[in-house]
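J.: Fold the following for me, if possible:
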Amino acid sequence: MSLGRNEVHPFAWIAAVGVAVLAAWLRLDQLSGQWLMDDEWHAIHKLQRSSSYSEILSSFGVADYSIPLTAFFRFLAETIGLSELRMRFPMLIAGLALPVIAGAWAWRALSARTALVFAFLLAVSPMLVNYSRTARPYSLTLLFSILSVFLLLKFLRGGGLRYAVTYLIVAALAVYLHPITAPFFLTSVSTAALYFFLKGATGAWRNTALLLIALMAAVSLIVVPPVLMDQAAFAKKMASSTPDLATVWGALHMWFGTGWSTTVVAAFTFALLGVKRAIERFPELLALYVSGIVGILLAILILQPAWVHNPLTFARYLLPTLPLLLLLVAIGATDIAERIGAQLSVYAVCGAALLMLLGSPLPALLREPNNLTLHSFYQFDYRADQSLVRVAMPKKVEGETFWDYLSNFEPGSLKIALAGESSFESYANPAVLHQPIHRQTLVKLQTGKRCGGKRNGEAFREENIHLRNAVSLAPKSELLAQGIDLVAFDMQLVGQGIGAPENYFSSERYQRYRSECVLWLRQNYGDPLLATPFLLIFEVSKRVNF
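T.: The predicted structure follows:
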């Protein structure tokens, strides 16, 4: 079938629905079984240590938490109760909406083929999938940043006060959710104001300048009070890290969603080929969007926020770069495919889109069951040899023979409660190595009520926090009633030198936790089913005869 450049393939609508379904599947897959991970705990810790909303609203904290999200979580805890899914729900909605909204815009602004490739790339982007499933604000702020540029452009083209007000609301929400987005909005409006000033368009310049003043006032009201009320916390996060070329190279792997440098080079080539057509089709939109990205980059270079030398942090702060790059890839790939010839163009476009999947971490994440898809083992750096988390993991799986024995059971038929890790941070949790072997369900075992004292990374029903993927250490009968088959106490000291001080792992507090919990388990569960120097397995259900 021969199709012109602007003609829509008869199956385009079916393909569009397929891409939307694919995006939804990747974002929803096993979502209800995911442990709370890493930075998701920051908001929980703030809730546990705050007696009122004013304590939440008065500081951004040293361990970053989003003020409005944390306040929302407190509201949920005080009303219907807080759970993993309820925490993640706003980000999930934004993550589901982005491929659909962006694809629909590209369909109208470019072509059906370009739109389908663009929506597909957004759908399968590991970073976007991850942030759609994570109780952190990034999925929301990305969607708000994109929407804001369209609202701003509407206002600049004479759309009236309603677009200005809507823009201010969207921008203010994004900044409050994640303050690093403030430069995106300030710079894009400043760029428009400068353009009108240099052009001599007095009326347009005055209106844009008024919008800029209103935006600056809104940002100041949001950012300044918490900073002034907790200057020490703010100071600890600044002037501590600087990105370099290695950071940028790593960030490109994150944005393109691959661990393969070859794929990055190919994708970047497609993106370069798409620049000319993008400038021709929507120059104003592109100028506003790129200026916003430049604003965030300048803020990073000036403020030097903590951890920004890591590709993941740098890529996350500059997250608006990701959809722009994927859009340029879609444009470039479509143009090349169409030059090949009408008969082969559809196949060429599909091939170019599938090329982007080479080196993707998604196949490993889709194994079932996988309760640890948010683990930093998968998300810190898609390049296995460059990931500090992967490098720090043990080269040999502790208790591998036992885990291999469990693989004889139907996948997901056993439930293992796991404790013993030295930190709530995922880099200290080696379970990510053995779950692919045994393919059984893992839940977090919270020990604070029985041994070792209260620990970070634990939350209980008495706090109105109802974690679906965690159980509290209790006598056998209670865990058996919750469907637990085995208790694993893993004492491997993993992740030294990544985030915690070297001496943390040998600290008196951790040693006390370890000795008290081992003693409690032996007293209440008897001799372990398996005992190695760093791993104890206790039987609960008598289903496992090892």
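J.: Pull out the buried positions in stretch 42-60.
T.: By neighbour count with 16 or more other CB atoms under 10 Å, stretch 42-60 contains the buried residues 42, 43, 44, 45, 46, 47, 48, 50, 56, 58, 59, 60. From N, CA and C alone the C-beta is placed, and that goes for glycine too.
J.: which other residues reach it?
T.: 36, 61, 63-67, 69-71, 73-74, 77, 82, 87, 135, 179, 225-227, 229-230, 233-234, 456, 459, 463, 465 (CB atoms under 8 Å, 6 or more residues apart in numbering).
J.: For that stretch, what is the spacing between the initial and final residues?
T.: 11 Å (CA to CA, to the nearest Å).
J.: again with stretch 355-375
T.: Using CA to CA, the two ends of stretch 355-375 sit 25 Å apart.
J.: likewise stretch 132-141?
T.: End-to-end distance (CA to CA), stretch 132-141: 11 Å.
J.: quick one: that stretch to chain centroid distance?
T.: 6 Å (CA atoms, centre = their mean, to the nearest Å).
J.: Residues in contact with that stretch: which ones?
T.: Residues contacting stretch 132-141 (CB under 8 Å, 6+ apart): 27, 31, 34, 36-37, 39-40, 43, 66, 69, 84, 87-88, 90-92, 94-96, 98, 128, 131, 173-174, 177-178, 181, 316, 319, 373-374.
J.: Quick check: the gap between residue 74 and residue 94.
T.: 21 Å (CB to CB, to the nearest Å).
J.: before we move on, what about residue 413?
T.: Residue 413 is 35 Å from residue 94, by CB to CB.
J.: Looking at those two, which is more packed in?
T.: More neighbours surround residue 94 than the other of residue 413 and residue 94, with 21 against 13 (other CB atoms under 10 Å).
J.: where's the more buried one relative to residue 227, distance?
T.: Distance from residue 94 to residue 227, by CB to CB: 26 Å.
J.: Tell me the buried residues in stretch 507-520?
T.: The neighbour-count check on stretch 507-520 (16+ other CB under 10 Å) flags 510, 513, 514, 517, 518, 520 as buried.
J.: Now, the residues you listed that are in helices?
T.: 510, 513, 514, 517, 518, 520 (DSSP state H).
J.: Could you point out which of those is nearest to residue 253?
T.: residue 510 (33.9 Å; CB to CB).
J.: so that closest one touches residue 428, yeah?
T.: No - contact criterion CB atoms under 8 Å: residue 510 and residue 428 do not qualify, at 10.2 Å.
J.: between those two, what contacts are shared?
T.: Shared contacts of residue 510 and residue 428 (CB under 8 Å, 6+ apart): residue 422.
J.: Check what pLDDT residue 2 gets.
T.: Per-residue pLDDT puts residue 2 at 42.
J.: Please read the previous query as pertaining to residue 545.
T.: Reported pLDDT for residue 545: 86.
J.: Quick check: chain neighbours aside, which residue is closest to residue 460?
T.: Nearest-residue entry for residue 460: residue 472, 6.6 Å, with adjacent residues in sequence omitted and distances by CB to CB, 6 or more residues apart in numbering.
J.: which residues does that neighbour contact?
T.: Contacts of residue 472 (CB under 8 Å, 6+ apart): 445, 446, 447, 448, 449, 450, 460.
J.: ok, how many other residues are close to the second one?
T.: Read it as residue 446. 21.
J.: for it, phi and psi?
T.: Main-chain torsions, residue 446, degrees, to the nearest 10: phi -90, psi 120.
J.: got it, and the third one?
T.: The phi and psi torsions at residue 447 (degrees, to the nearest 10) take the values phi -100, psi -10.
J.: Excluding chain neighbours, what is closest to it?
T.: Once flanking residues are discounted, residue 447 sits nearest to residue 473: 4.6 Å by CB to CB, 6+ apart.
J.: That neighbour against residue 419, yeah?
T.: Yes - between residue 473 and residue 419 there is a contact at 7.0 Å, judged by CB under 8 Å.
J.: and residue 269, how many neighbours?
T.: 14.
J.: That one sits in which helix or strand?
T.: Residue 269 belongs to helix 261-281 when assigned by DSSP states H and E.
J.: what domains does the record give for this structure?
T.: Under the assignment automatic domain parsing, the domains of the chain span 137-236, 378-539.
J.: Which ones among the buried residues of stretch 42-60 map onto helices?
T.: Counting by DSSP H, the buried residues of stretch 42-60 place 42, 43, 44, 45, 46, 47, 48, 56 in helices.
J.: now those as CSV including pLDDT and distance to residue 292?
T.: CSV is the format used below for these (pLDDT from 0 to 100; distance: CB to CB, whole Å):
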residue, pLDDT, distance to residue 292
42, 94, 26
43, 95, 26
44, 96, 31
45, 95, 32
46, 94, 29
47, 94, 32
48, 94, 36
56, 92, 28
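J.: closest to residue 238 among these?
T.: Nearest to residue 238 among these: residue 42, at 17.6 Å, using CB to CB.
J.: Roughly how far does that closest one sit from residue 243?
T.: Look at residue 42 and residue 243: by CB to CB, they are 22 Å apart.
J.: same deal with residue 299?
T.: Remark: distance between residue 299 and residue 243 (CB to CB) = 12 Å.
J.: before we move on, back to that, confidence-wise, which of the buried residues of stretch 507-520 comes last?
T.: residue 510 (83).
J.: leaving aside the residues next to it on the chain, what's closest to it?
T.: residue 422 (5.4 Å).
J.: And residue 452, by the same measure?
T.: Ranked by CB to CB, 6+ apart and with sequence neighbours excluded, the top spatial neighbour of residue 452 is residue 513, at 3.2 Å.
J.: At the geometric centre of the protein, which residue sits there?
T.: Computing the C-alpha centroid of the chain and ranking residues by CA atoms, centre = their mean puts residue 131 first, at 2.8 Å.
J.: what mean pLDDT does the strand or helix carrying that residue have?
T.: Using DSSP H and E, the element containing residue 131 is helix 126-132. What helix 126-132 shows for mean pLDDT is 98.
J.: ditto for stretch 150-164
T.: 94.
J.: Give me the contact list for it.
T.: In contact with stretch 150-164 (CB under 8 Å, 6+ apart) are residues 105, 166-167, 170, 188-189, 192, 204, 207-208, 211, 214, 284-285, 288.
J.: Just the buried ones from those, in ChimeraX syntax?
T.: In ChimeraX syntax, the buried subset of those is picked out as below (16+ other CB under 10 Å):
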select :105,166,167,170,188,189,192,204,207,208,211,214,285,288
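J.: which one of the contacts of stretch 150-164 is nearest residue 528?
T.: For the contacts of stretch 150-164, the nearest to residue 528 is residue 170 (55.2 Å; CB to CB).
J.: wait, what's in contact with that closest one?
T.: Taking CB under 8 Å, 6+ apart, we find residue 170 in contact with 144, 147, 148, 151.
J.: For residue 490, grab phi and psi.
T.: Torsion angles, degrees, to the nearest 10, at residue 490: phi -100, psi 120.
J.: Tell me what it is bridged to.
T.: Beta-bridge pairing of residue 490 under DSSP bridges involves residue 535.
J.: follow-up on the earlier one: kindly confirm whether my reading is correct that the residue nearest to residue 452 touches residue 450.
T.: No - Residue 513 lies out of contact with residue 450 (CB under 8 Å); the separation is 11.0 Å.
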